[in-house]
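Novice: coordinates only, sequence not included:
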DNA sequence: ATATTTATTTACCGATTGGTATTTAATTAT
DNA sequence: ATAATTAAATACCAATCGGTAAATAAATAT
């Protein structure tokens, strides 16, 4: 049963919006917001500009919708890691899954939220701030998880949840750069192994 | 005595090339290669395009020259860190100086070598690869320093210099993203303190 | 004084940028 | 059948992109 009831009125859309969004996501992921041109987008999606604008708004809206799809799709592993039983397990799962994800050859290397708009021109200012907030939001999730761990005596009393969260976020962001620069999964996993030695006991 | 003997023949250049290069460096540093437009460059340098092209070649050459100035100027602290007497001191100095440098309000936040061209369009491909090589080169310097430390029994025999180097490089690259996203020097220094706990003894 | 050399200025180039108005095609409602 | 609705295709827009040709200005060499 793949059917969808559609009693839409006018001419039916000839392309699948989710498929198109996935293709757009891949381009933004690889090129960044500014580096992805409308020409490359429309060519890859197989539609022309007016169709893209009618369906998604404009380039910025398209990016935001691709970003939402990214956050709820490929990056779902973060929330999984967060629900591990102990703080150490959370950190370990987060870093290991990140190392695997960032170097996965099934999709562009690195993290779109980290690199989608880092150093960029004025035209990317809005997107840049969206991504900054998103990164801060993930870091906050980690910090809150570690605050809980402290209450549960799962972390020493002198451990600082914010520092721990920033440590993981920084490693993740660094690994994103590493992956984009050619680092392999194995290299990152070895490094993660070392990084976990800093974890408080 | 700030005099320079100059018996140049034709009309003398009216701007100082080093000053201009510094201004260009600042723009590339903040905007990245693609995000920095010729318009913004010429406007900030106070010269017009033909002068810029006559003096520096083209945009790509200008970037490379600004990059060289960056590497031999602001980023000289890396070589200083490398000459600390012990491996631990090298790591500590490298991370502490990086945290201070990346958040210094005297210049753009973050590291130009990390963020100058990360996710970008085709037009930045050459520059992107130049920066990838540069990052690898710094990581190699660290690895070699830690190989020496091992020989000097300054690191345990089971320590892996390449892993240690990648650990520091990853933290540095992550801190660059953090600094660009608003992290303060204090936050990063606290995190560095935590990160150093992973160091082998 | 004149020729030569080099830099600056002005004006321009084709290509590409993100974005749209207009026309045409395909569907449902009446 | 016809009107209404929605999407696709073509053709276009001003603005900006990196880059340059041609003319002018300021210095030195002869």
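Specialist: Cool, got the structure. Since this is a predicted model, take the numbers as computed values, not measurements.
Novice: number of nearby residues for residue A:189?
Specialist: 14 (other Cβ atoms under 10 Å in any protein chain shown). Every C-beta, even on glycine, is put in place using the N, C-alpha and C of the backbone.
Novice: Please apply the same query to residue A:103.
Specialist: Residues near residue A:103, counting by other Cβ under 10 Å, number 21.
Novice: show me the residues around it that make contact.
Specialist: A:109, A:179, A:183-185, A:188 (Cβ atoms under 8 Å, 6 or more residues apart in numbering or on different chains).
Novice: Next, give phi and psi for it.
Specialist: phi -110, psi 0 (degrees, to the nearest 10).
Novice: pull the helix or strand with minimum mean pLDDT from chain A.
Specialist: helix A:77-82 (a mean of 94; mean pLDDT, DSSP states H and E).
Novice: helices or strands next to the helix or strand just after it in the packing?
Specialist: Going down the chain from helix A:77-82, the next helix or strand is helix A:87-102, by DSSP states H and E. Under the contact criterion of 3 or more Cβ pairs under 8 Å, 6 or more residues apart in numbering or on different chains; DSSP states H and E, helix A:87-102 touches helix A:77-82, helix A:125-151, helix A:161-180, helix A:185-195.
Novice: Out of those, which is closest to chain B?
Specialist: Closest of the helices and strands packed on helix A:87-102 to chain B is helix A:161-180, at 3.2 Å (criterion: Cβ to the nearest Cβ).
Novice: Mind checking if the closest one is in reach of chain B?
Specialist: Yes. For helix A:161-180, a contact with chain B is found by Cβ under 8 Å from any Cβ of the partner chain, at A:162-164, A:166-167, A:169-178, A:180.
Novice: In three-state terms, label the closest residue to DNA strand D within chain A for me.
Specialist: DNA strand D sits closest to residue A:10 of chain A, with a gap of 1.9 Å, by Cβ to the nearest atom of the strand. Assigned by DSSP: H, G, I helix; E, B strand; the rest coil, the conformation of residue A:10 is coil.
Novice: State the number of residues packed around it.
Specialist: Neighbours of residue A:10 (other Cβ under 10 Å): 5.
Novice: now residue A:172
Specialist: Based on other Cβ under 10 Å, the number of other residues close to residue A:172 is 26.
Novice: Need the per-residue pLDDT for it.
Specialist: Here the pLDDT value assigned to residue A:172 is 98.
Novice: Identify the residues contacting the nearest residue to it once chain neighbours are set aside.
Specialist: With sequence-adjacent residues excluded and distances taken as Cβ to Cβ, 6 or more residues apart in numbering or on different chains, residue A:172 is closest to residue A:98, at 5.1 Å. Counting by Cβ under 8 Å, 6+ apart, residue A:98 makes contact with A:77, A:171-172, A:175.
Novice: where does residue A:107 fall, phi/psi-wise?
Specialist: Residue torsions, per degrees, to the nearest 10, at residue A:107 are phi -150, psi 170.
Novice: how close does residue A:101 get to residue A:165?
Specialist: Per Cβ to Cβ, to the nearest Å, residue A:101 is found 19 Å from residue A:165.
Novice: do the same with residue A:21
Specialist: 30 Å.
Novice: Next: residue A:69.
Specialist: Residue A:69 is 25 Å from residue A:165, where distance means Cβ to Cβ.
Novice: for residue A:144, same thing?
Specialist: Counting by Cβ to Cβ - residue A:144 and residue A:165 are separated by 8 Å.
Novice: Residue numbers of chain A in contact with DNA strand D?
Specialist: A:8-15, A:47-51, A:54-55, A:121 (Cβ under 7 Å from any atom of the strand).
Novice: now those: which count as buried?
Specialist: A:47, A:51, A:55, A:121 (16 or more other Cβ atoms under 10 Å in any protein chain shown).
Novice: Just give the nearest non-adjacent residue to the first one, would you?
Specialist: Going back to what we said before, that points to residue A:47. In space, residue A:47 is closest to residue A:15, 5.5 Å off (Cβ to Cβ, 6+ apart).
Novice: Contacts for the helix or strand harbouring residue A:53, please.
Specialist: Using DSSP H and E, residue A:53 sits within helix A:49-56. By Cβ under 8 Å, 6+ apart, the residues outside helix A:49-56 that reach it are A:13, A:15, A:17, A:20-21, A:24, A:38, A:41-42, A:45, A:47, A:62, A:65.
Novice: Kind regards, and thank you for your time.
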